[in-house]
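1. okay, sequence plus prediction incoming.
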Amino acid sequence: GENVEQHPSTLSVQEGDSAVIKCTYSDSASNYFPWYKQELGKRPQLIIDIRSNVGEKKDQRIAVTLNKTAKHFSLHITETQPEDSAVYFCAASNDYKLSFGAGTTVTVRA
Amino acid sequence: NAGVMQNPRHLVRRRGQEARLRCSPMKGHSHVYWYRQLPEEGLKFMVYLQKENIIDESGMPKERFSAEFPKEGPSILRIQQVVRGDSAAYFCASSPSVQGARTEAFFGQGTRLTVV
C-alpha cells in the first residue's frame, strides 16, 4: 500500500516568515495530493490540493509543488500569521483511499 | 447544507461495552469513508461504503469492528467489546462520487471515543 512520510514533525516560525512542509510517497500510481489543516479538537479541513498533471498550484499565501519523478510534494505558506498555527497533514491517493502523513505541528510566534 | 454530521462528538465507554458512531453524509453524497486518528498521529483509512454496500474494509480490524450504510439513515461504525486501545478520534468523510482525482472528501467533526 501507499506510504506517506512527512517532515518536519514540528515547525516553529516567526510571524511573517515562510513555512515549508515536505512529504514523500511510495506508490507511483498516486495522482491526487491534498493538504489538510487541523486545529485542536476540530475536523481536518482541505486547504489546497494538486493533481498529478500539475507541477505547482497557488492560492493566496499557500502553494503546493509536486515532483512526480522524485515522488515528493511540498506545502509552502508565506507571510505566516498566528492563525496559521495548527497541525498540517499531507495525503496521497490513487483512488478513494487517502493515505496520510503523520502531521506537522506548526507554531507561528508573534 | 449542514455538512457531514457525526454524533456523538464525545463518547465514553467502559471496557467490554459497545460503541456506536453515527455519520450523516452531506446532502447528495452517497460515498462514505471512515478514518481513525490515534493521538498525535495521522488519519488511517478504515472503510469505504456506498449505500447498502461495503466497497473496501481493508483498514478495519478483523474482529469487533463493523460498518454499515443502510438505504435510509446514517452510516454506523460499530465497535463491540471495546478495549483501551480503541480510544481515538473517528472521522467520517463523504463525497458525491468516488473521492480521488476528481472530487474531494469532506470530513465531519469526528467522534472522540474514550475507553475507561
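-> On my side now, so go ahead. Here the structure is a predicted model, which is why all the values come from computation and not from measurement. Numbering: from 1, shown residues only, chains lettered A, B, ... in the order given.
2. what's near enough to touch the residue in chain A that chain B sits nearest to?
-> Chain A approaches chain B most closely through A:F100 (3.6 Å), counting by C-beta to the nearest C-beta. In short, each C-beta sits where N, CA and C put it, glycine included. By C-beta atoms under 8 Å, 6 or more residues apart in numbering or on different chains, the contact list for A:F100 reads A:4, A:36, A:89-91, B:42-44.
3. same thing with B:F69?
-> If you count contacts by C-beta under 8 Å, 6+ apart, B:F69 has them with B:32, B:49-54, B:75-76.
4. around chain B, pick out the residues from chain A.
-> Within chain A, the positions near chain B by C-beta under 8 Å from any C-beta of the partner chain are A:4, A:6, A:31-32, A:34, A:36, A:42-46, A:49, A:51-52, A:89, A:93-103.
5. which among these count as buried?
-> Among these, the ones that count as buried by 16 or more other C-beta atoms under 10 Å in any protein chain shown are A:4, A:6, A:31-32, A:34, A:36, A:43-44, A:49, A:52, A:89, A:93-103.
6. what pLDDT does B:G3 get?
-> For B:G3, the pLDDT comes out at 89.
7. repeat for B:S30
-> If you check B:S30, the pLDDT there is 87.
8. that one touches B:K51, doesn't it?
-> Yes. At 5.6 Å, B:S30 counts as touching B:K51 under the criterion of C-beta atoms under 8 Å.
9. is chain A within reach of the helix or strand bottoming out on mean pLDDT in chain B?
-> Least confident helix or strand of chain B, by mean pLDDT, DSSP states H and E, is strand B:106-107 with a mean of 88. Yes. Counting by C-beta under 8 Å from any C-beta, chain A is contacted by strand B:106-107 at B:106-107.
10. neighbouring strands - and their directions - for that strand?
-> With DSSP bridges as the test, strand B:106-107 is paired with strand B:88-95 (antiparallel).
11. what's the average pLDDT for the partner strand?
-> Strand B:88-95 comes out at a mean pLDDT of 94.
12. got the CA coordinates for it in CSV?
-> Provided in CSV are the C-alpha atoms of strand B:88-95 (Å, rounded to 0.1, in the frame of the first residue of the first chain):
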residue,chain,number,x,y,z
ALA,B,88,-9.2,7.5,19.3
ALA,B,89,-10.9,10.1,17.2
TYR,B,90,-13.0,8.6,14.5
PHE,B,91,-13.7,10.7,11.5
CYS,B,92,-16.2,10.2,8.7
ALA,B,93,-15.9,11.8,5.3
SER,B,94,-18.3,11.9,2.4
SER,B,95,-18.1,12.7,-1.3
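13. what residues does the strand or helix carrying A:I50 touch?
-> A:I50 is part of strand A:45-51 when elements are defined by DSSP states H and E. Outside of strand A:45-51, the residues within contact range by C-beta under 8 Å, 6+ apart are A:31-38, A:56-57, A:59, A:62-66, A:73, A:75, A:88, B:101, B:104, B:106-107.
14. tell me the SS of B:G85?
-> The three-state assignment at B:G85 reads helix, by DSSP: H, G, I helix; E, B strand; the rest coil.
15. count the residues that sit near the residue lying closest to it once chain neighbours are set aside.
-> Nearest residue to B:G85, sequence neighbours excluded (C-beta to C-beta, 6 or more residues apart in numbering or on different chains): B:V115, at 7.9 Å. Neighbour count of B:V115, defined by other C-beta atoms under 10 Å in any protein chain shown: 19.
16. fine by me, thanks again.
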